[in-house]
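S.K.: What shape does this take:
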Amino acid sequence: MIILITGASQGLGLETVRAAVERGHQVIAGIRSPVKDNEQLRELQNTFEGKLTVIQLDVNDEEAIRKAKDAVEKQHGSIDAIINNAGILLARECSIEELDFADVEQSMLTNLYGPMKVVKHFLPLLRLSASPCIINISSEAGSFSGAYGKDYPYALSKSGLTYFSAQLRKALTPEGFVVYSVHPGWIRTSMGGEQATGDPKDPALGLVQLAEREVLPAQESWMINHKGEPMSF
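M.R.: The predicted model follows:
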C-alpha cells in the first residue's frame with residue numbers, strides 16, 4: 001500500500017509512519033517544515049530504504065497541498081490511503097467567557113479545513129486504488145456523548161471532522177472506499193501529555209490495520225476507536 005500521513009513529524013503521526021513502514025508499506029510523510037531536520041524520520045528512511053518519502057505538506061496552506069499532490073502523483077501515480085492526523089490543541093483551559101476566537105478559527109483551519117483540503121486534492125489519486133481508505137483522526141471530545149465544558153476550539157473542530165467523515169462515507173462507500181473517524185485514545189504525545197495512559201504505538205498499529213482492511217469494523221460503524229470498535233456520537 002501507499003499511505004499518506006499528515007502531521008508525521010512527531011507523536012501519533014510519527015508512530016503511524018513507523019508502524020506502516022515496519023509492515024512493508026510505502027509511506028508519504030507530510031510535515032509542515034521539511035527544512036528542519038527530523039532525526040527520527042531520517043533514521044526510518046535509512047532503516048527502510050526506499051519505503052519512506054518526506055514531503056512538505058502544511059494542511060493550513062491549500063497551495064502547498066496542491067503542490068504536494070502534484071509531487072506525489074509524479075512519483076507514485078496513485079495512493080491507497082490517507083490518514084489525516086495533523087491537528088492542534090489550543091485554549092485548553094479557557095472558559096467560554098475567556099475564549100479568544102482567534103484560537104477557535106485556527107483550530108477549525110487546522111483540524112477541520114486542513115483534512116478537507118487534503119481530501120479535496122488527493123481524492124483523484126485515491127480513486128485509482130483498488131482499496132481506497134480515508135481515516136480522519138478525531139476524538140471522543142468532539143462527540144455529543146463525550147461533551148464537556150472546556151476545550152471548545154478542539155472539541156468543536158473535531159466534531160466537524162467527524163461529521164465530514166460521515167459525509168465522505170455516504171458519498172464514497174459506493175465507490176469501494178472505507179472512511180472512518182477514529183478516536184485514538186488518550187495517549188502520551190505532546191498534545192496528550194505525559195500523564196496520558198496510552199502508548200501511541202498501539203493506536204498507530206490500529207490505524208495501519210484499518211487502512212489495510214485487516215481490521216474491519218461493523219458495517220455501519222464509522223466513528224470508531226483504533227481497535228475498530230464502534231463509539232457513540
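S.K.: Please count neighbours and contacts with C-alpha atoms only from this point.
M.R.: Fine.
S.K.: Could you check how many residues crowd around Tyr163?
M.R.: For Tyr163, the tally of surrounding residues (other Cα atoms under 10 Å) stands at 17.
S.K.: just how off-centre is stretch 61-70 within its chain?
M.R.: 17 Å (Cα atoms, centre = their mean, to the nearest Å).
S.K.: ok, the nearest residue to Leu112 once chain neighbours are set aside - contacts?
M.R.: Of all residues not flanking Leu112 in the chain, Leu161 sits nearest, at 5.3 Å (Cα to Cα, 6 or more residues apart in numbering). Taking Cα atoms under 8 Å, 6 or more residues apart in numbering, we find Leu161 in contact with 111-112, 115, 136, 138, 181.
S.K.: Now render those as a markdown table, adding pLDDT, secondary structure and distance to Gly206.
M.R.: Converted to a markdown table, the contacts of Leu161 look like this (pLDDT from 0 to 100; DSSP: H, G, I helix; E, B strand; the rest coil; distance: Cα to Cα, whole Å):
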| residue | pLDDT | secondary structure | distance to Gly206 |
| --- | --- | --- | --- |
| Asn111 | 98 | helix | 21 |
| Leu112 | 98 | helix | 22 |
| Pro115 | 98 | helix | 20 |
| Asn136 | 98 | strand | 13 |
| Ser138 | 95 | coil | 14 |
| Ser181 | 97 | strand | 13 |
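S.K.: Out of those residues, which is nearest to Val72?
M.R.: Closest approach between the contacts of Leu161 and Val72, by Cα to Cα: Pro115, at 16.9 Å.
S.K.: State the distance from the closest one to Ser181.
M.R.: 12 Å (Cα to Cα, to the nearest Å).
S.K.: between the two, who's got more neighbours?
M.R.: The residue with more neighbours, out of Pro115 and Ser181, is Ser181; 29 against 26, by other Cα under 10 Å.
S.K.: which residues does the more buried one bridge with?
M.R.: Beta-bridge partners for Ser181, by DSSP bridges, are Asn136, Met223.
S.K.: close enough to count as contact, it and Lys158?
M.R.: No. If you go by Cα atoms under 8 Å, Ser181 and Lys158 don't touch, sitting 9.5 Å apart.
S.K.: What distance do you get for the residue of the chain most remote from its centre to Tyr152?
M.R.: The C-alpha centroid of the chain is most remote from Glu97, which lies 30.8 Å away (Cα atoms, centre = their mean). Distance from Glu97 to Tyr152, counting by Cα to Cα: 11 Å.
S.K.: All set, thanks.
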